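**Student:** starting from these lines, generate the structure:
(one chain, ligands or ions: 1)
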Amino acid sequence: MNNAVDTRDAYIIEGKMALPYSYFAGRVGSRFITAIRDQKTIRGVRCENCDTVFVPPRQTCEKCLADIRDNWVDLGDTGEIVNFTVVRYADKHLPKDPPFVLAMIKLEGADTPLVHIVDGMAPEQVTVGQRVKAVFTGKATSTLLDIDHFAPV
Ligand SMILES: [Zn+2]
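**Tutor:** Residues are numbered from 1 along each chain as shown. As a prediction, the model looks like this:
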């Protein structure tokens, strides 16, 4: 009467985790998310010292360390794919079923890219330089997924 797993040739740790948590996006992150949710507007912050527009926004310039948390700028909802990958595996934490494209998208007026889903075209058709436009969801989630995806222009 031995129904235990034979572990002589394997290193196995049995475990169980439950990890409920709340995440606070911070004042800058919260303003970014609520502008997307409530105004369907993508906003960044601009460093006036080095003329750099960051999206997602941040409170300190990563180049010159200036405090930029209040220098908000409205960005357009279109941009260009500067890099991408195709997600080909399923995971319950991913926002879509595979395959789907995750791209770094440089919005008009921004100097840093935003990572988001590209849909509306086959993954094998996606190219660096492709112009895309944000497609907002109708249902508010208070996350970056209030932009459902970016679609080719
Ligand atoms: Zn700067």
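**Student:** and residue 90, how many neighbours does it have?
**Tutor:** If you count neighbours by other Cβ atoms under 10 Å, residue 90 ends up with 10. Every residue, glycine included, has its C-beta placed from N, CA and C.
**Student:** in this structure, which strand is the longest?
**Tutor:** What stands out as the longest strand in the chain, according to DSSP state E, is strand 78-87.
**Student:** tell me what the helix or strand just after that one is packed against?
**Tutor:** Next along the chain after strand 78-87, taking DSSP states H and E as the criterion, comes strand 100-107. Here strand 100-107 touches strand 78-87, strand 114-118, going by 3 or more Cβ pairs under 8 Å, 6 or more residues apart in numbering; DSSP states H and E.
**Student:** quick check: mean pLDDT of stretch 74-88?
**Tutor:** Rounded to a whole number, the mean pLDDT of stretch 74-88 is 97.
**Student:** which other residues reach it?
**Tutor:** 40-44, 53, 55, 94, 96, 98-110, 113-114, 118, 123, 126-134, 150, 153 (Cβ atoms under 8 Å, 6 or more residues apart in numbering).
**Student:** secondary structure class for residue 29?
**Tutor:** helix (DSSP: H, G, I helix; E, B strand; the rest coil).
**Student:** all strands for this structure, in order.
**Tutor:** Going by DSSP E, the chain shows strands at 42-47, 52-54, 72-75, 78-87, 100-107, 114-118, 131-136, 147-152.
**Student:** spell out which parts of the chain neighbour the ion.
**Tutor:** Residues of the chain found near the ion (Cβ under 5 Å from the ion) are 47, 49, 50, 61, 63, 64, 66.
**Student:** name only those of those that count as buried.
**Tutor:** Burial by neighbour count, 16 or more other Cβ atoms under 10 Å: within the residues of the chain next to the ion this picks out 47, 61.
**Student:** pLDDT and distance to residue 30 for the residues of the chain next to the ion - can I get that in CSV?
**Tutor:** Shown next, in CSV, are the residues of the chain next to the ion (pLDDT from 0 to 100; distance: Cβ to Cβ, whole Å):
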residue, pLDDT, distance to residue 30
47, 98, 20
49, 97, 24
50, 97, 25
61, 97, 20
63, 95, 24
64, 97, 24
66, 97, 21
